[in-house]
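Peer 1: Need coordinates for the below:
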Amino acid sequence: GLRSVPLGCDIYERGTSVDALHAAFEQYQWLVRPTDTQRNAIEEASGWLSKHSVRLGPLLGSARAFHAWIEAGHVRAPMRAALIRHWCLTNVLHFPLPLVGARSFVPEAPW
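Peer 2: Reported below is the predicted structural model:
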């Protein structure tokens, strides 16, 4: 009973959908099945979170750690995965689901 939904009328729209799907899958991979390199980056980001959360708590400390991470020139994906894991360990989240949309993790997102 499901209807098929066309992805787009032209090549540009279809390409945009494929790009969005690729980005979503890549973020999913960081959370569920990271490679060894990704796992190491997540562990490094987790260290930043632990350091900032000791003094400021899991939410404010995470925000400070995220800003410091970005200001240091690191990419966003490892911190996103580390945030979700950190919030699960500190009982902020009971399920590994992000509290914020992936759009807030894009480059040049306003603070």
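
Peer 1: Does residue 37 belong to a helix, a strand or coil?
Peer 2: Residue 37 carries the three-state label helix when classified by DSSP: H, G, I helix; E, B strand; the rest coil.

Peer 1: What does the pLDDT read for it?
Peer 2: For residue 37, the model assigns a pLDDT of 95.

Peer 1: now swap in residue 8 and tell me
Peer 2: Looking at residue 8, its pLDDT stands at 59.

Peer 1: Kindly export whichever strand or helix holds residue 53 (C-alpha atoms) in PDB.
Peer 2: Here residue 53 is covered by helix 36-56, with elements defined by DSSP states H and E. Once non-C-alpha atoms are left out, helix 36-56 reads as follows in PDB (Å, rounded to 0.1, in the frame of the first residue of the first chain):
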ATOM      1  CA  ASP A  36      39.600   2.500  13.800                       C
ATOM      2  CA  THR A  37      40.500   6.000  12.700                       C
ATOM      3  CA  GLN A  38      37.100   7.300  13.500                       C
ATOM      4  CA  ARG A  39      37.100   5.500  16.900                       C
ATOM      5  CA  ASN A  40      40.400   7.200  17.800                       C
ATOM      6  CA  ALA A  41      39.000  10.600  16.800                       C
ATOM      7  CA  ILE A  42      35.900   9.900  18.900                       C
ATOM      8  CA  GLU A  43      38.100   8.900  21.900                       C
ATOM      9  CA  GLU A  44      40.000  12.200  21.600                       C
ATOM     10  CA  ALA A  45      36.800  14.100  21.500                       C
ATOM     11  CA  SER A  46      35.600  12.200  24.500                       C
ATOM     12  CA  GLY A  47      38.700  13.400  26.400                       C
ATOM     13  CA  TRP A  48      37.700  17.000  25.700                       C
ATOM     14  CA  LEU A  49      34.200  16.300  26.900                       C
ATOM     15  CA  SER A  50      35.400  14.600  30.100                       C
ATOM     16  CA  LYS A  51      37.800  17.500  30.900                       C
ATOM     17  CA  HIS A  52      35.100  20.200  30.500                       C
ATOM     18  CA  SER A  53      32.300  18.300  32.100                       C
ATOM     19  CA  VAL A  54      34.100  17.800  35.400                       C
ATOM     20  CA  ARG A  55      33.700  21.400  36.300                       C
ATOM     21  CA  LEU A  56      30.600  22.500  34.300                       C
END
